[in-house]
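1. need coordinates for the below:
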Amino acid sequence: MSPSILVKVLLLVLYQFCRQIFCKECTNIPPLSSHTLRYELESSTNQTLKQDMYSHYYHHLTPTDDSAWSSLFPRKMLKEEEKDDGEQRWAMLYRNIKKGIVNNNNGGSDSFLREVSLHDVRLDPGSIFGQAQQTNLEYLLMLDVDSLAWSFRKTAGLSTPGQPYGGWEKPDMELRGHFVGHYLSASAQMWASTHNETLKEKMDALVSALSVCQDKLQTGYLSAFPSEFFDRFEAVKPVWAPYYTIHKILAGLLDQYTLAGNDKALKMTVWMVDYFYGRVQNVIKKYSIERHWYSLNEETGGMNDVLYKLYSVTGDEKHLLLAHLFDKPCFLGLLAVKADDISGFHANTHIPVVVGSQMRYEVTGDPLYKEIGTFFMDIVNSSHSYATGGTSVNEFWTNPKRLANTLNTENEESCTTYNMLKVSRHLFRWTKEMAYADYYERALTNGVLTVQRGRDPGVMIYMLPLSHGSSKAHSYHGWGTKFDSFWCCYGTGIESFSKLGDSIYFEEGGKTPSLYIIQYISSSINWRAGNISLRQEVDPIVSLDQRFRVAFTFASTEHSSSGGTATLKFRIPLWTYSDGAKASINGQDLPLLNPGDKITFDLPLSIRTEAIKDDRPEYSSLKAILYGPYLLTGLSDGEWEIDATSATSTSEWLTPIPPYYNSHLISLSQESDQSAFAVTISNASLKMENIPPPGNNSAVRSTFRIIPKEDPKQLKNFTNSKDAIGKLVVLEPFNLPGMAIAHNGEGGNLGVATEYSAAAVFRLVRGLDGGDSTVSLESNDREGCFVYSGADLENGTTIKLRCKSRSLVDNDEDGFKKGASFSMGKGFSEYDPISFVAKGKQRNFLLSPLLSLRDESYTVYFNIHS
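-> Numbers count the residues shown, from 1 in each chain. Now for the predicted structure:
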């Protein structure tokens, strides 16, 4: 199918999807709220389709002018006796904004747990989190300042050295500039996390380049697209989310100030906000606030969030007022009355609105917005989220507790996980409830760490497929590219991996300061309030030893003074249990803590199943499998049946894989005409196929485990695969535990058998060709017959069993020896330290953490018969 036809199909499918099921009209344009659809629509040359889609732009449901403004009233900012007068003043404020007058507002509360600065936290570079951070740093350093600033300079009428980037940052894409805002945030966060000076120079240069653009325009306006986009926005004409991009730029500049101390960035932010304050004021003065709500039906990102944050820095009442004007009452109102009615809304349009309302609570103290955030988290987590902690399908929410039908290649937009982490982080800081920290761990581990493709810098996903036999590489978008994607999820991706240390520790003030340790991630912290430094070391988690061990070593800082006390508070994770849990200091029961002491936790790791969020009885057996904080996935092309009917515990159908099994993994290959081919399982037969790259299905199907047939207890004595030479062995396919490679008689194809039959036993001998590093496989039940590929190889050559006697008849002994000799090397795939075998109905499954996979096909939810 041609790319143009694929685009048309996608547009039509999403259009029908929105017309029939989704895309509520309260606060964003149906069906154009889908970023995927919007990008494809802008790239399409089908003008008829564009006109049809944009014809839906003008029909929105909006609140009335008075009710909309009234719903924004910050009730709890005032005492009860002041309420009536406050409401009158709020009504006056609405009238005054049309006259350009701004009144004062009250402040909020500072009673929440405080963030520990990224400057004071360092990740262990050897941990999975440290490696993810380093991979992201390498990508940030790859990106070119001139290319990032190209469209900004073009808009400002300046010279444009370098080349513009592609994808969503192309010069003709209406959303261009959004990634640059994300880059400003990510680089500020990464610099705070690493103090990498090369990155500091790059981000300072970018801020300076953007400042020149803003100065050239002389109005305070700054963007990669012309201000005419906002004329269309305010006229409620088709335009792709200009305030979405402005939010990213404002947030990035503000992060450059708060995290990197760039005063110029703050001045640029304030000047930009002054410009947009004037624009919003003009709309309300010329028309009404209702017209302003009309325009907000186009996505505006987290404008309310960044404006509340700016107000907390500047104290300027205009910033507070403008933040209120980007709160969206027709969506927040549903949450205020506690209606689980978010199905049909575009998820990532609305999660940032909730995050902004949470900042409104922090700034104003109005408890209504605390209730909104709490209820929102409750309904998403209980009714709309997957085992990964992520949410959404095709970018939208579906009906509550009806997720079984939603598993496909377009689940869990990465941006939504990024923003849901913000929601849970706020709630934990307010309440100290461990459920929010548990959610944060789940979504960070299984939703964020899965976004990168291993250690490949700048290769990330948009969606996380959850269908049976899905692959991260085979969603609509697949893996992105370094310089030609720049999706919204690339922006949130580079931010997520720049601030991995921001939610490990929180602190609480008072006479006795407290440090909350809520995430177990190998790291160190300089805790200034407690005058101590702490190093957290998490032992690698493995499947065979089902224990979680973490140690904390303390030292006094140079600012310590004798006599001070501090409190440490540790999260006990949801996935452990008290029976068998241990805690000690220097190997003894916990006494008072002194500098130099080491606290150790030794906790049991639970293996558990979790049903999908679907309350229909017929889907009660659809479950995910978790080991501690890790979601396990099975290598699978779509099979999903697990047999636990006679089991009384998970250990009866789930077996851990010992780490020494990796030394038994092999690959078998041959060369012909300067090309190399590997023995590969293809449609249940063995064939010679091109040598695979690591991390894909071909690598999985070209890897085998050697099992000694005579005495399986010899396994532990195998230090490497060559120890098996001269012995009878079975070759078990890497992804099909319990099965074996077997022959079908002389001249027959080799294939996969469901049991270790006589036809599956071979003697591994030195290569018949006399090579130093080759081996041959002789059938145990057909002496003199060997696994044979053929003298002339090509991709797809079928492997057969051929006997030495036949080669003599054919007068082709040399060709026979060559075709029956294979180079034996390491497996192209290997077992993750966390690996299990699950007993299936038709076949067994190799399970490993979702975050460990790259392009391999997998299944997340299994039909577990119990």
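2. so where's the stretch 101-250 of the chain uncertain?
-> Low-confidence segments of the stretch 101-250 of the chain, defined by pLDDT under 70: 101-110.
3. strands along that one, start to end?
-> Using DSSP state E, counting those that start in this stretch, the strands found in the stretch 101-250 of the chain span residues 114-115, 121-123.
4. just the ones you listed: most buried one?
-> Of all the strands of the stretch 101-250 of the chain, strand 121-123 has the most neighbours on average by mean count of other Cβ atoms under 10 Å, namely a mean of 21. No exception for glycine: its C-beta is placed from N, CA and C like everyone else's.
5. what lies in contact with it?
-> 129-130, 133, 193, 500-502, 504-505, 521-525 (Cβ atoms under 8 Å, 6 or more residues apart in numbering).
6. would TSV of the residues you listed with secondary structure and neighbour count be doable?
-> Below are the contacts of strand 121-123 laid out as TSV (DSSP: H, G, I helix; E, B strand; the rest coil; neighbours: other Cβ atoms under 10 Å):
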residue	secondary structure	neighbour count
F129	helix	24
G130	helix	18
Q133	helix	22
S193	helix	23
L500	coil	27
G501	coil	27
D502	coil	19
I504	coil	20
Y505	strand	23
I521	coil	23
S522	coil	21
S523	strand	23
S524	strand	16
I525	strand	23
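7. tell me the one of these nearest E441?
-> Closest approach to E441 among those (Cβ to Cβ): I521, at 9.2 Å.
8. the closest one is in contact with V538, isn't it?
-> Yes. Here I521 reaches V538: they are 6.7 Å apart, a contact under Cβ atoms under 8 Å.
9. which residues do these two both contact?
-> Counting by Cβ under 8 Å, 6+ apart, the residues touching both I521 and V538 are S127.
10. nearest to the spatial middle of this protein, which residue is it?
-> Nearest to the geometric centre of the chain sits V448, at 2.7 Å (Cα atoms, centre = their mean).
11. any idea how far it is from S414?
-> Distance of V448 to S414, computed by Cβ to Cβ, to the nearest Å: 8 Å.
12. for S556, same thing?
-> Where S414 is concerned, S556 sits at a distance of 41 Å (Cβ to Cβ).
13. more neighbours, these two?
-> Taking other Cβ atoms under 10 Å, S556 and S414 do not tie; S414 has more neighbours (27 against 16).
14. which non-adjacent residue is nearest that one?
-> For S414, ignoring the flanking residues on the chain, the nearest one in space by Cβ to Cβ, 6 or more residues apart in numbering is C489 at 3.9 Å.
15. which residues make contact with the longest strand seen in the chain from outside it?
-> Criterion DSSP state E: the longest strand present in the chain is strand 547-556. Identification of contacts with strand 547-556 by Cβ under 8 Å, 6+ apart yields 517, 520, 531-539, 541, 568, 573, 576, 593, 595-605, 628.
16. so which bits of it are buried?
-> 547-554, 556 (16 or more other Cβ atoms under 10 Å).
17. what's the average pLDDT for stretch 371-384?
-> Stretch 371-384 shows a mean pLDDT of 97.
18. what residues of that stretch count as buried?
-> 372-377, 379-381, 383-384.
19. please apply the same query to stretch 663-677.
-> Neighbour-count burial for stretch 663-677, counted by 16+ other Cβ under 10 Å, picks out 663-670, 672, 677.
20. how about stretch 145-164?
-> Neighbour counts over stretch 145-164 (16+ other Cβ under 10 Å) mark 145, 147-156, 160, 164 as buried.
21. I'd like those as a markdown table, with distance to F862 appended.
-> Formatted as a markdown table, the buried residues of stretch 145-164 follow (distance: Cβ to Cβ, whole Å):
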| residue | distance to F862 |
| --- | --- |
| V145 | 48 |
| S147 | 45 |
| L148 | 44 |
| A149 | 49 |
| W150 | 48 |
| S151 | 47 |
| F152 | 49 |
| R153 | 53 |
| K154 | 52 |
| T155 | 52 |
| A156 | 55 |
| T160 | 53 |
| P164 | 46 |
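22. tell me, how many residues neighbour E813?
-> Neighbour number of E813 under other Cβ under 10 Å is 12.
23. try S392
-> 29.
24. ok, now which ones touch it?
-> By Cβ under 8 Å, 6+ apart, the neighbours of S392 are 347-348, 384, 411-413, 416.
25. now with 10 Å, please.
-> Counting by Cβ atoms under 10 Å, 6 or more residues apart in numbering, S392 makes contact with 345-348, 351, 380, 384-386, 398, 406, 410-417, 420, 463-464.
26. for it, give its distance to T512.
-> 43 Å.
27. next one: Q163
-> Q163 is 57 Å from T512, by Cβ to Cβ.
28. would you list every one of the strands in the stretch 501-650 of the chain?
-> Using DSSP E, counting those that start in this stretch, strands in the stretch 501-650 of the chain cover 505-508, 514-517, 523-527, 532-538, 547-556, 567-570, 582-585, 598-604, 607-611, 622-627, 630-635, 641-643.
29. ranking the ones you listed by mean pLDDT, which is last?
-> strand 582-585 (a mean of 82).
30. can you count the residues close to E710?
-> 10.
31. that's a strand at it, yeah?
-> No. Counting by DSSP: H, G, I helix; E, B strand; the rest coil, E710 is not part of a strand but coil.
32. quick check: it touching K727?
-> Yes. Contact criterion Cβ atoms under 10 Å: E710 and K727 qualify, at 6.5 Å.
33. tell me the strands beside the longest strand of the chain, with direction?
-> Next to strand 547-556 in the sheet, as set by DSSP bridges, lie strand 532-538 (antiparallel), strand 598-604 (antiparallel).
34. mind checking what helix or strand follows the top helix by length along the chain in sequence?
-> Under DSSP state H, the helix in the chain containing the largest number of residues is helix 263-286. Using DSSP states H and E, the helix or strand that follows helix 263-286 in sequence is helix 289-295.
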